[in-house]
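1. Provided below for reference: sequence and predicted model.
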Amino acid sequence: MKFTGDHLRFLRTIKKLKQPAVADKLGVKQQAVSKMENKDCIACEKADEYLQALGLHRDEAIRLLELMLPPPPEND
């Protein structure tokens, strides 16, 4: 699964973390977290680092997203 910035933002809010807290865990500025959360597609390595900062493994994040977000619309 490819993660989007919207996915990462959603997971961060579930974990009740603010951008500055995630930035601190990643060792970056808050603006870098904001930029990441506004991208359409996040590189796997960066997504994994972000998820680790949230205290999540990739498989846990995918399960949360599948449970909490509506499925994408079907293309006819």
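-> Sure, I can see it. Numbering: from 1, shown residues only.

2. Tell me which residues touch the residue lying closest to residue 2 once chain neighbours are set aside, please.
-> Once flanking residues are discounted, residue 2 sits nearest to residue 41: 5.5 Å by C-beta to C-beta, 6 or more residues apart in numbering. (Each C-beta comes from the backbone N, C-alpha and C, glycine too.) Residues in contact with residue 41 (C-beta atoms under 8 Å, 6 or more residues apart in numbering) are 2-4.

3. Which one of those sits in the busiest neighbourhood?
-> The member of the contacts of residue 41 surrounded by the most neighbours (other C-beta atoms under 10 Å) is residue 3, with 23 neighbours in all.

4. do you know how far that residue is from residue 24?
-> Remark: distance between residue 3 and residue 24 (C-beta to C-beta, to the nearest Å) = 21 Å.

5. Please apply the same query to residue 58.
-> 22 Å.

6. rewinding a little: relative to residue 64, how far out is the residue nearest to residue 2?
-> Applying C-beta to C-beta to residue 41 and residue 64 gives a distance of 19 Å.

7. again with residue 15
-> When distances are taken as C-beta to C-beta, residue 15 and residue 64 turn out to be 10 Å apart.

8. shared neighbours of those two, anything?
-> Common neighbours of residue 15 and residue 64 (criterion: C-beta under 8 Å, 6+ apart): residue 56.

9. Now do the contacts for the closest residue to residue 46 other than its chain neighbours.
-> Across the structure, with C-beta to C-beta, 6+ apart as the measure, the residue nearest residue 46 apart from its sequence neighbours is residue 36 (6.7 Å). By C-beta under 8 Å, 6+ apart, the contact list for residue 36 reads 5, 8, 42, 46, 50.

10. Just the mean pLDDT for the host helix or strand of residue 36, thanks.
-> Secondary structure assigned from DSSP states H and E places residue 36 in helix 30-37. For helix 30-37, mean pLDDT is 96.

11. Convert the C-alpha atoms of that helix to PDB, please.
-> As requested, the backbone C-alpha atoms of helix 30-37 are provided in PDB (Å, rounded to 0.1, in the frame of the first residue of the first chain):
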ATOM      1  CA  GLN A  30       7.400  21.100  11.900                       C
ATOM      2  CA  GLN A  31       7.300  22.500   8.300                       C
ATOM      3  CA  ALA A  32       8.800  19.200   7.000                       C
ATOM      4  CA  VAL A  33       6.000  17.200   8.600                       C
ATOM      5  CA  SER A  34       3.500  19.600   7.100                       C
ATOM      6  CA  LYS A  35       5.000  19.200   3.600                       C
ATOM      7  CA  MET A  36       4.900  15.400   4.000                       C
ATOM      8  CA  GLU A  37       1.300  15.500   5.100                       C
END
